[in-house]
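Colleague: Make a model of this:
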Amino acid sequence: MGLVHADITLKNVEDQIKAKIGLITDREIRQLSVRALVDSGAWTMVINEATREKLGLSITRSSQGTLADGSRGQYQIAGPLEIWWKDRSFICEAVVIPTADENLLGAIPMEGMDLIVNPGSQELSGAHGDQIVHSLK
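Modeller: Predicted coordinates:
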């Protein structure tokens with residue numbers, strides 16, 4: 001299977017809270033539309049420093065990690081951010097790899113949005129269809 005990319009929107013959750021309580025306007029919420037590599041081998045969202053700065057995400061902590069090439073390092077964790085794909089969203093933190101060429105959409109946010117990589121079309125799709133129907137039955 002080849003590489004799969006998806007168009008997603010990333011939003012600063014702290015800005016969303018500030019807008020909700022009237023400290024900033026909705027237009028001031030920092031958000032960014034990106035084309036991310038879908039990587040089920042990554043456990044969460046991975047962003048580079050430029051993306052973190054554009055979104056104004058706070059560094060919350062750091063964590064030891066191993067990259068796909070086997071290199072180990074201490075990486076900053078930033079957030080919270082909200083990830084949007086079509087009509088689905090998920091809030092999480094992101095691992096910041098300063099020099100990363102691409103943003104990666106990892107397994108936990110994919111699971112949180114009920115998404116799978118469709119091997120036939122090599123596209124991201126809803127595990128149970130592309131539309132979520134919210135019901136309180």
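Colleague: What ranges in the protein fall below the confidence cut-off?
Modeller: Screening the chain residue by residue with the criterion pLDDT under 70, one finds the ranges 1, 130-137.
Colleague: and with 80 instead?
Modeller: Using pLDDT under 80 as the threshold, the predicted model of the chain has low-confidence ranges 1-2, 119, 129-137.
Colleague: Regarding it, what is its longest strand?
Modeller: strand 72-85 (DSSP state E).
Colleague: in the helix or strand that it is followed by, what's buried?
Modeller: As assigned by DSSP states H and E, the chain's next helix or strand after strand 72-85 is strand 88-96. Of the residues in strand 88-96, those with enough neighbours to count as buried (16 or more other CB atoms under 10 Å) are 88, 90, 92-96. Placement of C-beta: from N, CA and C, glycine included.
Colleague: What is the nearest of the residues you listed to residue 129?
Modeller: Checking the buried residues of strand 88-96 against residue 129 by CB to CB gives residue 88 as the nearest, at 11.3 Å.
Colleague: Now that closest one. Nearest residue, chain neighbours left out?
Modeller: Leaving aside its chain neighbours, residue 88 sits nearest to residue 113 (4.0 Å; criterion: CB to CB, 6 or more residues apart in numbering).
Colleague: all strands of this protein, in order?
Modeller: Taking DSSP E as the criterion, the chain carries its strands at 5-12, 31-38, 45-47, 58-66, 72-85, 88-96, 104-105, 115-118, 123-126.
Colleague: Save those strands as JSON lines, and put in distance to residue 23 too.
Modeller: Putting these into JSON lines (distance: least, CB to CB, whole Å) gives the following:
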{"stretch": "strand 5-12", "distance to residue 23": "13"}
{"stretch": "strand 31-38", "distance to residue 23": "17"}
{"stretch": "strand 45-47", "distance to residue 23": "25"}
{"stretch": "strand 58-66", "distance to residue 23": "16"}
{"stretch": "strand 72-85", "distance to residue 23": "17"}
{"stretch": "strand 88-96", "distance to residue 23": "19"}
{"stretch": "strand 104-105", "distance to residue 23": "30"}
{"stretch": "strand 115-118", "distance to residue 23": "33"}
{"stretch": "strand 123-126", "distance to residue 23": "34"}
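Colleague: Thanks a lot, catch you later.
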